[in-house]
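Student: Structure here, sequence nowhere to be found:
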C-alpha cells in the first residue's frame, strides 16, 4: 500500500479544508494518507508524528516516512524549515514543485522560444518615466504587482489626450501627467510592478472574460485536462477573477453563444493548447531543475482574431469553483502521487532523455554585427532591447566597438546567451576584418555610409564604404544583411558576391521595411509601417527622423528572427544610450538637447532638425568641431552653416578650431552677424550663455566627445537648474 504524506506549514489539519477531501479520496484509491508539518519529522527514527483521519476526526499517530509527499503548504512559510525540507526531498519524492512567479515563468517561456509568441510583452517598471514611455507606445495598459494574487492590485490605465484614466477593483480616477507620475512612483515604493499592453477579451454584451485552463497529471503520469471554463467579469469591471466578483460559466454553452459555428474548433484549440503548454513547462522544469511538475492553471485571453494570449501561469491553482470538479482535482492528485511513488526510475530516465534532447535542439545563436558611419550604438540598443523580450542577449556596452573590446566580448559570451548584438567600429581599412576574425557574425547591419573618418580615406566616401564592406565579406556568406536604402553612399557597399539574404530599410524610398507618417510626439517619434501586410503604429522614445532608420534596422533583423509586432513594439521602448539627444528640462522652461558623443556633418544636420521640431520659441545651436573630415572640412563646414541659416536657427555659437567657418557661411547666406558667435575659450562661451539664455529657449549642444562639449551641457544644467 502506498503511503502519502500531505506536508503543510499549519500544524492543525482542521484549518486546511482540502485535507478532508484528500483523506477521503486516498482511502477510496487504496492508499494510506496522513497530514503533517515540518516540526513533526524525526530523521533518527524515520518517523513522523502525523494526523490520520479516522471515524470522522483527526487522530495523532506516529507514522513511518511516506512513499511520496504531497507538497501543500506555502513555499514562503515552509522556507522557514528549509533544512528539513531539503533532507526530506533528498529521501522522498515530492509532488507540486514551484515553477516561480509570473515574471520568472514568463522569462522561462521567452527563453525557450516555443510558446513565446503567446506571451503578452511584459516589462518590470523601473520608474515613472519608464512607465510613461510605455504609455506613449500602447495607450492602454495593465499595471499589476509582480507577485499579485487573486486579482488584487491590478490597474487598467488608458491615456486620453493629456489625461490618464485609472481603473482597478473599487478604484476609478482621472490623473494629469504629474499625478500619474506620483501615483506610479508611490506604487513602486510598495512593491515591484509589471506593465503589459491591455489585450481584452470581450463578450457580445461587452463584458470582459478569460479562460482558465486547469491541467494535471493522472495515475499514468500523463497530462490530462481537468477542466476548461470561462470566467466573466461583472459589468464595468476589467478583472474576471472570481475573487474580484467575476463568475464562471460552462464551456460549451459559452462558446456556442459567443463564437457560433467556430465553437467546436475553439474548444479543440483550447484543449490542444492546454496540454501542449503543460508538457512544454514540464520539460523546462526537467531541463533546468531535474524535477517534474504535475499541475498548472493557465489564464488566457483571446483577441478579435481568435489568437490566444497567456495572461498568467499558476503552478498551484485553486480548485475549480464546483464541488464535483474539486473531487476530480483531488483524485488526479492522489493517483499521480501513487504513480510518482512507484515509478521513480522511469521518471529519472525521462528527465535524462529530456535534457539530452533539449541540448541537441540548441540551434546556432544569432550573432549580429553592426557597423556604419552613424547610428551603431542606438541601433544596437534598439535591437538588443527587442531581442531581450524573448531571449537572454549578450549586448556590447555602449561605444565599446574597438577590436580590443571585441576580444573581451569573445571571452564573455557563454552558453546561456541566446543572441549576441555587437558594434563593430573602425577608422581605417582592415579593422572590421579583424573584428570578424574574432567573432564572425551570421547577421549584419550597415546603418549608413557617411563622412565619419572620411579624412582617413582621402576624403572619398567610397573608401569608407569599402572598409565597411569588410563586415559583408567577413560575416557568414549565407546570413542576413540589412542596409539603408535611403543612404546614397550605401550603393558603394560590396554586395555583389554575397550569397545570403539582403533586406533594406527606408523612409523616402521603397524598401522591405519602410516607415511612413513620421511625426514628432511628446517624448519621441511616432511612425507607421507594414509588417506582413498589416499596418502597425510604432513609437520610439528618442527624437529625430535619423533614429527611425536605426529602429527600422533593428525591426528588420527582429522580424527575420520571428519576433512578433507586439514584441517589436515593446522592445522599441528601449534604454536610450547616454548623451544621444538627451533632453534636460531646466528652469524657466528652458530645454537643453545634449548630443555630445559623436559629431559629423550628417549628424549635425539631423540634430538641427530635432532642434527645429521641438523648439517652441528661440532656437540656439552650439556646434563644436567635426573631426577627421580631411580636405572636405571647409566644404562641409560651409554646408552646415548654410543649413543653420535655412532652418531658421535664431542664434548660432561655434566652438573650437576653424569652426568659425560655419558661422561665416551662415552669415554669407543671410543670417544676422549679431546672432553668430565663435569661441575657442570655454569660460568665455559660458559667460555669454549666462547672459544670453532666456525663458523658453531651446538649446542644442552638438559635438564629439573629444571636444568635451558635455562640459557646456553640465554648465547650463547647473546654472539653470
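Tutor: The structure has been received and is ready for your questions. Bear in mind that the values here come from a model prediction, so they are computed numbers and not experimental data.
Student: Can you get me a residue count around the residue nearest to residue 460 when sequence neighbours are not counted?
Tutor: Residue nearest to residue 460 in three dimensions, not counting chain neighbours: residue 454, with 7.2 Å by Cβ to Cβ, 6 or more residues apart in numbering. Just so you know, the C-beta spots here come from the backbone N, C-alpha and C atoms, and that holds for glycine as well. Look at residue 454: counted by other Cβ atoms under 10 Å, it has 26 neighbours.
Student: same deal with residue 347?
Tutor: Neighbours around residue 347, by other Cβ under 10 Å: 16.
Student: Tell me who's in contact with it.
Tutor: The contact partners of residue 347, by Cβ atoms under 8 Å, 6 or more residues apart in numbering, come to 93, 221, 292, 340.
Student: repeat that for 6 Å
Tutor: Taking Cβ atoms under 6 Å, 6 or more residues apart in numbering, we find residue 347 in contact with residue 292.
Student: Domain-wise, how is the protein divided?
Tutor: Here the domain parsing of the chain from automatic domain parsing is 3-91, 121-197, 203-360, 367-571, 582-719.
Student: Reformat the ones you listed as CSV; add distance to residue 99 and mean pLDDT.
Tutor: Compiled in CSV, the domains of the chain are given as follows (distance: least, Cβ to Cβ, whole Å; pLDDT from 0 to 100):
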stretch, distance to residue 99, mean pLDDT
domain 3-91, 11, 94
domain 121-197, 14, 87
domain 203-360, 4, 88
domain 367-571, 18, 93
domain 582-719, 40, 92
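Student: Turn those domains into TSV, including distance to residue 105.
Tutor: TSV is the format used below for the domains of the chain (distance: least, Cβ to Cβ, whole Å):
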stretch	distance to residue 105
domain 3-91	14
domain 121-197	11
domain 203-360	5
domain 367-571	14
domain 582-719	35
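Student: residues in contact with residue 435?
Tutor: 403, 406, 424.
Student: Helix or strand: which one has it?
Tutor: For residue 435, the host element (DSSP states H and E) is helix 431-438.
Student: so where do the helices sit in the stretch 401-550 of the chain?
Tutor: Taking DSSP state H, counting those that start in this stretch, the helices of the stretch 401-550 of the chain run over residues 403-412, 431-438, 461-468, 470-474, 545-560.
Student: I'd like to know which of those helices lies nearest to residue 639.
Tutor: Among the helices of the stretch 401-550 of the chain, the nearest to residue 639 by Cβ to Cβ is helix 461-468 (14.2 Å).
Student: gap between the residue found closest to residue 525 once you drop the neighbours it is linked to in the chain and residue 303?
Tutor: Computed as Cβ to Cβ, 6+ apart, the closest residue to residue 525 that is not its neighbour in sequence is residue 540, at 5.2 Å. Distance check for residue 540 against residue 303: by Cβ to Cβ, to the nearest Å, it reads 25 Å.
Student: And these two? Which one has more around it.
Tutor: Neighbour count, other Cβ under 10 Å: between residue 540 and residue 303, residue 540 has more, with 26 against 12.
Student: I figured the more buried one hits residue 551, correct?
Tutor: Yes: in this structure residue 540 lies within contact range of residue 551 using Cβ atoms under 6 Å: 5.1 Å.
Student: Between those two, which contacts overlap?
Tutor: Residues touching both residue 540 and residue 551 by Cβ under 6 Å, 6+ apart: residue 572.
Student: Could you identify the longest helix within this protein?
Tutor: Looking across the chain with DSSP state H, the single longest helix is helix 263-289.
Student: Number of residues surrounding residue 491?
Tutor: Neighbours around residue 491, by other Cβ under 10 Å: 12.
Student: could you measure it against residue 375, distance?
Tutor: From residue 491 to residue 375 the distance is 18 Å (Cβ to Cβ).
Student: tally of neighbours for the nearest residue to residue 223 once chain neighbours are set aside?
Tutor: Spatially, and ignoring its direct neighbours in sequence, residue 223 is nearest to residue 278 (4.7 Å; Cβ to Cβ, 6+ apart). Per other Cβ under 10 Å, the neighbour tally for residue 278 reads 23.
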